[in-house]
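S.K.: have a look at this prediction, sequence included:
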Amino acid sequence: MNALMDLGAWTLEQIRHVGRLALFSIQLFKELPAALGRFWLIVQQIHFIGNYSLLIIAVSGLFVGFVLALQGYYILVSYGSEQALGVMVALSLARELGPVVAALLFAGRAGTSLTAEIGLMRAGEQVAAMEMMGVDPVRRVLAPRFWGVLISLPLLSCIFTAVGIFGAWIVGVVMIGVDGGAFWSQMQAGVDVFSDVGNSVIKSVVFAVAVGLISLYQGYNARPTPEGVSRATTRTVVISSLMVLGLDFIMTALMFSV
């Protein structure tokens with residue numbers, strides 16, 4: 001009986017969290033147009049969020065391209081199709097690995113940083129001070145950071161994909177000896193701009209919305225204690241990662257089912 005009561009209490013608490021997140025999202029989306037009036041704040045956040053995440057995204061994309069080229073070559077050569085290595089790597093990165101891995105890395109690096117920053121502002125009573133001075137913290141603090149996430153993550157995803165393809169070219173063409181002309185020509189013929197690259201960008205934008213909302217919500221509603229900020233940061237990584245993987249499954253089923 002106690003276990004059933006605990007399960008019911010946990011379920012009600014999760015429903016409350018979903019409701020608070022929905023209200024928080026509506027309030028944030030209302031302030032997004034007004035935040036464009038202070039574009040310099042958005043530029044600062046793009047630099048803080050995107051530029052500082054560039055190194056880990058680029059290096060990870062390079063090594064993912066290395067591994068894809070090695071594994072793909074060993075599989076394709078047994079069927080005599082090693083010339084299709086380029087198109088296999090490009091489709092794997094553009095459709096799945098580019099947006100998904102970039103979003104997971106972004107959540108671990110930039111998402112946790114945003115949560116900790118907002119949580120420390122809450123703990124230091126900076127948010128309360130803004131409210132007492134008549135400054136809307138959602139418009140002044142949260143909306144520019146959300147714009148920064150929304151702009152940075154799709155760009156980082158494209159960089160991840162491009163660097164991964166370059167890494168696959170280094171391993172496949174330069175090191176193993178696959179024909180370079182076939183590598184690029186089959187990639188050009190097999191990758192469609194709208195159905196592959198376009199859907200990759202759409203995925204990145206959706207992941208950016210999910211990661212941005214979760215990161216800002218967890219930081220804004222964190223308990224004003226060191227332990228509370230630490231737990232909020234952990235929840236950001238866990239929930240963002242699960243959301244990215246779940247949304248990726250749903251969007252892949254809708255985009256490539258036909």
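M.R.: Ah, there it is.
S.K.: okay, residue 75 and residue 173: tell me how far apart.
M.R.: Distance from residue 75 to residue 173, counting by CB to CB, to the nearest Å: 17 Å. For glycine as for every other residue, the C-beta is placed from the backbone atoms N, C-alpha and C.
S.K.: may I have the phi/psi pair for the spatially closest residue to residue 197 that is not a sequence neighbour?
M.R.: Spatially, and ignoring its direct neighbours in sequence, residue 197 is nearest to residue 94 (5.8 Å; CB to CB, 6 or more residues apart in numbering). Dihedral angles of residue 94 (phi, psi; degrees, to the nearest 10) stand at phi -70, psi -40.
S.K.: list the residues that contact residue 94.
M.R.: Residues counted as contacts of residue 94 (CB atoms under 8 Å, 6 or more residues apart in numbering) are 161, 191, 196-197, 200.
S.K.: for it, give me the pLDDT.
M.R.: Listed pLDDT for residue 94 reads 89.
S.K.: can you list contacts of the worst-scoring helix or strand of the chain on mean pLDDT?
M.R.: For the chain, the helix or strand with the lowest mean confidence is helix 126-132, at a mean of 79 (criterion: mean pLDDT, DSSP states H and E). The contact list for helix 126-132, computed with CB under 8 Å, 6+ apart, reads 118, 121, 136-137, 140-141, 220.
S.K.: next structured bit after it?
M.R.: Using DSSP states H and E, the helix or strand that follows helix 126-132 in sequence is helix 137.
S.K.: give me the more crowded residue out of residue 75 and residue 173.
M.R.: Taking other CB atoms under 10 Å, residue 75 and residue 173 do not tie; residue 173 has more neighbours (19 against 13).
S.K.: and residue 221, backbone torsions?
M.R.: phi -110, psi 20.
S.K.: can you check the one 3 residues further on too?
M.R.: Here is the backbone geometry of residue 224 (degrees, to the nearest 10): phi -80, psi 50.
S.K.: what segments of the protein are helices?
M.R.: Assigned helices in the chain, in chain order: 2-35, 39-49, 54-76, 85-92, 98-106, 112-123, 126-132, 137, 143-169, 180-190, 199-220, 226-255 (criterion: DSSP state H).
S.K.: so which of these is the most surrounded?
M.R.: Burial of the helices of the chain is given as mean neighbour count (mean count of other CB atoms under 10 Å); helix 98-106 ranks first at a mean of 26.
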